[in-house]
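>>> give me the fold of what follows.
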Amino acid sequence: MRIYGYLRASTEDQDANRAKDTLIEFAKSLKIKVSAWFVENESAAELNLLELFRLLEYAEPGDAMLIEQVDRITRLSEADWKKLKHIIFSNNIRIISMDLPTSHKMTKSDDEFQNRILEAVNEMMLDVLAATARKNYTDRRRRQKEGILKAKLKGKYKGRPENIELQQKIESFLLDGKSYSYIVNMLGCSRHTISKVNKRINSSNDT
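Numbering: from 1, shown residues only. A predicted model of the protein is given here:
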């Protein structure tokens, strides 16, 4: 069984590698070695996690994905979570998550019966944690909208500030002919952010 670490943050302003050292230490405590890391800056509320799907394509049956929390791979609606879970389980990819204690035991047991029981328990707990992650996400979005509305009514809302330094770095890489994948790996930003900067560059060239 090979282990692949997956790290995710929602925006380019957040450090997706924040939990890497924690997961490395956690892997050591389980006496397992991480073969490769997959990192991206995207929201887990939509099925557009390119690095996650690259991991799932790369992994072979019996391999495992190591994550900090279940909400790193899903804040999806019930329908989308079912789609993602089907891909994971149909390819026999295991999930080892720090917030799912029963998943830790699967790295230590060679007993087929015990592993089948653990897999059943893990699947149930994954559903619970996925539903909790989705609820937390929708509750937070609702509170954000309420806060923005109140700020607008008071004339205090200025919108989210742009990360000018990050955009300048992206622009420099694009003008140097670097690929989206290269920029994502170097800066930890999202492809969506790169696309916005690229559109701005093309727009400037057209004028």
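>>> could you list the domains of this protein?
3-134, 164-206 (automatic domain parsing).
>>> by contact count, what packs against the helix ranked longest in the chain?
With DSSP state H setting the assignment, residue counts place helix 112-153 as the longest helix in the chain. Packing contacts for helix 112-153, counted by 3 or more Cβ pairs under 8 Å, 6 or more residues apart in numbering; DSSP states H and E, involve helix 78-90, strand 94-97, helix 101-105. Yep, even glycine has a C-beta here, placed from its N, CA and C like the rest.
>>> can I get the ones you listed in CSV including mean neighbour count, distance to Ile148 and mean pLDDT?
Output for the helices and strands packed on helix 112-153, formatted as CSV (neighbours: other Cβ atoms under 10 Å; distance: least, Cβ to Cβ, whole Å; pLDDT from 0 to 100):
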stretch, mean neighbour count, distance to Ile148, mean pLDDT
helix 78-90, 14, 25, 94
strand 94-97, 22, 32, 94
helix 101-105, 16, 38, 85
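>>> below-threshold pLDDT in this structure: ranges please.
Across the chain, the stretches falling below the confidence threshold (pLDDT under 70) are 12-13, 106-109, 157-161, 205-207.
>>> wait, Gly188 touches Glu42, no?
No - applying Cβ atoms under 8 Å, one finds Gly188 not in contact with Glu42, separated by 11.0 Å.
>>> of these two, who's got more company?
When Gly188 is set against Glu42 and neighbours are counted by other Cβ atoms under 10 Å, the residue ahead is Glu42, at 22 against 19.
>>> any idea how far the more buried one is from Asp21?
22 Å (Cβ to Cβ, to the nearest Å).
>>> ok, Ala27 next?
To Asp21, Ala27 is 11 Å away according to Cβ to Cβ.
>>> show residues contacting stretch 185-195.
The contact list for stretch 185-195 (Cβ atoms under 8 Å, 6 or more residues apart in numbering) reads 9, 11-12, 15-17, 39-42, 50, 166-167, 169-170, 173-174, 178, 180, 183-184.
>>> now stretch 125-145
Where contact means Cβ under 8 Å, 6+ apart, the residues beyond stretch 125-145 that reach it are 44-45, 69-71, 74-78, 81, 85, 95, 97, 99-100, 102.
>>> repeat that for 10 Å
10, 43-45, 69-78, 80-82, 84-85, 88-89, 95, 97, 99-103 (Cβ atoms under 10 Å, 6 or more residues apart in numbering).
>>> quick one: residues contacting the residue lying closest to Glu40 once chain neighbours are set aside.
The shortest distance from Glu40 to any non-neighbouring residue, by Cβ to Cβ, 6 or more residues apart in numbering, is to Glu51 (3.9 Å). If a contact means Cβ under 10 Å, 6+ apart, then Glu51 has 6-8, 16, 37-42, 181, 184-185, 191 as its contacts.
>>> quickly list what Ile95 is bridged to.
Partner residues in beta bridges with Ile95: Met65, with DSSP bridges as the criterion.
>>> I'd guessed it sits against Ile87; true?
No - because the distance of 11.9 Å does not satisfy Cβ atoms under 10 Å, Ile95 is recorded as not touching Ile87.
>>> mutual contacts of the two, please.
In the contact map built from Cβ under 10 Å, 6+ apart, no residue is linked to both Ile95 and Ile87.
>>> check which residues of stretch 126-137 are buried.
Taking 16 or more other Cβ atoms under 10 Å as the neighbour-count basis, stretch 126-137 is seen to contain the buried residues Leu126, Leu129, Ala130, Ala133, Arg134, Tyr137.
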